[in-house]
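Participant: turn this into a structure:
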Amino acid sequence: MEPRKPPRWVQWTVVPLLVLVPIGYVLISADQSRDGGVSMQKKAAATTITHYWPNKVQRSIYEIPIPGGSKQVGYLETNSWATSTLYVQFQTSAGGLDTFLAQVGTSREALKDGTVTVTAKQQRTVRWAFASGDQWAGVKLTQHGDKPDHRITVDLKNPNYPMVYVVSTMNF
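Facilitator: Sure thing, here's the model as predicted:
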């Protein structure tokens with residue numbers, strides 16, 4: 001017995017769908033990919049603080065555990081052949097500062113009063129200005145191996161809501 005041929009309308013419906021659906025998928029994927037590249041280019045071309053949270057991968061790589069509930073969060077990432085740096089700023093509570101310092105391996109006692117640990121070159125890169133006379137405290141944490149180094153400067157003008165500035169550097 002010979003197999004039955006499907007009706008003509010089925011052939012005219014199914015065949016175009018088998019062709020058009022994959023083509024549509026490819027076109028949508030290409031458009032999304034191009035849009036993703038544009039946003040990545042904008043982030044890479046940034047020359048000043050972006051007022052968003054750095055993504056989880058960045059926070060993990062650069063070991064910057066921003067406390068939950070922090071405000072005025074911003075970041076800038078710069079990369080070169082030998083060094084990658086993540087600049088982060090955030091305002092937190094007094095308890096949030098203590099938690100942050102503990103998570104990066106230090107404490108409030110290690111902060112040196114009147115000390116700005118972010119270098120002048122780093123300040124220019126991210127357009128931070130640490131005015132003299134403010135209540136600054138800072139600590140520099142140098143780690144071995146593939147761990148990032150941290151320069152942490154804290155504005156303690158308002159001790160209940162300190163502003164934290166972190167420069168995390170990875171050297172290759």
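
Participant: remind me which residues of this structure are low pLDDT?
Facilitator: 1, 35-46, 133 (pLDDT under 70).

Participant: okay, strands next: where are they in it?
Facilitator: 71-79, 83-91, 112-113, 136-141, 149-155, 163-171 (DSSP state E).

Participant: mind checking how far Lys71 is from Asn79?
Facilitator: 27 Å (C-beta to C-beta, to the nearest Å). For glycine as for every other residue, the C-beta is placed from the backbone atoms N, C-alpha and C.

Participant: how is the chain carved up into domains?
Facilitator: 8-45, 56-171 (automatic domain parsing).

Participant: deepest of those domains, which one?
Facilitator: domain 56-171 (a mean of 16; mean count of other C-beta atoms under 10 Å).

Participant: how far does that one stretch from one end to the other?
Facilitator: This stretch, domain 56-171, spans 20 Å end to end (C-alpha to C-alpha, to the nearest Å).

Participant: tell me which residue is most central in the protein.
Facilitator: Nearest to the mean C-alpha position of the chain, by C-alpha atoms, centre = their mean, lies Pro54 at 2.3 Å.

Participant: what's across from the closest residue to it other than its chain neighbours in the sheet?
Facilitator: Closest residue in space to Pro54, ignoring its immediate chain neighbours: Tyr75 at 4.3 Å, by C-beta to C-beta, 6 or more residues apart in numbering. Beta-bridge pairing for Tyr75 (DSSP bridges): Thr50, Val88.

Participant: cool, thanks, talk later.
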